[in-house]
Every structure is written in structure tokens, then in C-alpha cells.
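K.L.:
With the input below, show me the fold.
(chains A and B)
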2 protein chains.
Amino acid sequence: MPNIRILFGKRVRKLRQALGISQEELAFSSNLHRTYISDIERGTRNVSLDNIYKIAVALDVSPKDLFDF
Amino acid sequence: MPNIRILFGKRVRKLRQALGISQEELAFSSNLHRTYISDIERGTRNVSLDNIYKIAVALDVSPKDLFDF
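P.N.:
Residues are numbered from 1 along each chain as shown, chains lettered A, B, ... in the order given. Below is the predicted model:
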């Protein structure tokens, strides 16, 4: 399996774009910094459970859906 | 949704026990410390993607399966 950070980042981007929201909007609704969201989507962050949960809630999916790859 | 760390920990424990392996054996095969595995299962660790992947490989499941709760 390719790098999990990259796969996770691509999945977040795909779900965000499917909602039609910007990185800024996702950052605001997940209470995370915009550059952190950008880093996550580029696969450069080793995201932890708490932030995985915040992103899932903001994207209105279950944490499991963020690993659908 | 109750605390993701607790849910994740319970899921790891369930999958480990289904394989009939000890925390020591999971720690060895995932290249993580035994006390870290114990902490994870008790829901006290904010586990990151890289370690989520190591645990998934060691339990012979996909990362997604670790979030099946």
C-alpha cells in the first residue's frame, strides 16, 4: 500500500471537493488551520485520531469513510 | 460519537483477540512498544496515521477496518 499519509490526503481532498467547499471552509468547520488542511491534502502530515475525527465531522462522514482507499 | 481514541482502542483489542495474539506479539509485529499497544487499547493514545498503518498491517486488516465502529 502506497504511503498512508498520501492516500488519506487524497481522500480528504476528494470528499471536500465533493462537498464543494474550500480548504478555508474545511479548516474553519474542523477548527484546524488552513495550512494544516493543505499539508494533509498534500500527504505531508501524520494526522492523529483527534484530528481525523474533527475532519470527519466537518466533512459529515464517519472516520471510516476517510480510509476508504 | 464517543471518544475516537476509546473506540479505536476497543477495535484494535477486538481484532487482536480475534487473531489470538498477545499485546506483546502485536507490539513485536507492528514494531511498536508493548506499553504503547496497551495504552492504545485503553484509549489513552492519540494514534497517528503511520502507527495506524503499522497496526493494520500487523493485524492483517486494512486501515479502514480499524475504524469499523
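
K.L.:
Point out the other helices and strands that the helix or strand harbouring A:Tyr53 packs with.
P.N.:
Here A:Tyr53 sits within helix A:49-58, counting by DSSP states H and E. On a contact count with 3 or more Cβ pairs under 8 Å, 6 or more residues apart in numbering or on different chains; DSSP states H and E, helix A:49-58 meets helix A:23-30, helix B:4-19. All C-beta atoms are positioned from the backbone trio N, CA, C, and that covers glycine.

K.L.:
Can you list the buried residues in that helix?
P.N.:
Neighbour-count burial for helix A:49-58 flags A:Leu49, A:Asn51, A:Ile52, A:Tyr53, A:Lys54, A:Ile55, A:Ala56, A:Ala58 (criterion: 16 or more other Cβ atoms under 10 Å in any protein chain shown).

K.L.:
Include pLDDT when you put the residues you listed into TSV, please.
P.N.:
Shown next, in TSV, are the buried residues of helix A:49-58 (pLDDT from 0 to 100):
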residue	pLDDT
A:Leu49	98
A:Asn51	97
A:Ile52	98
A:Tyr53	97
A:Lys54	97
A:Ile55	98
A:Ala56	98
A:Ala58	98
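
K.L.:
so which of those comes closest to A:Glu25?
P.N.:
Checking the buried residues of helix A:49-58 against A:Glu25 by Cβ to Cβ gives A:Ala58 as the nearest, at 8.7 Å.

K.L.:
contacting residues for A:Val47?
P.N.:
A:Val47 is in contact with A:Arg5, A:Phe8, A:Ile40, A:Ile55, B:Ser48, B:Leu49, counting by Cβ atoms under 8 Å, 6 or more residues apart in numbering or on different chains.

K.L.:
Thank you kindly, that will do.
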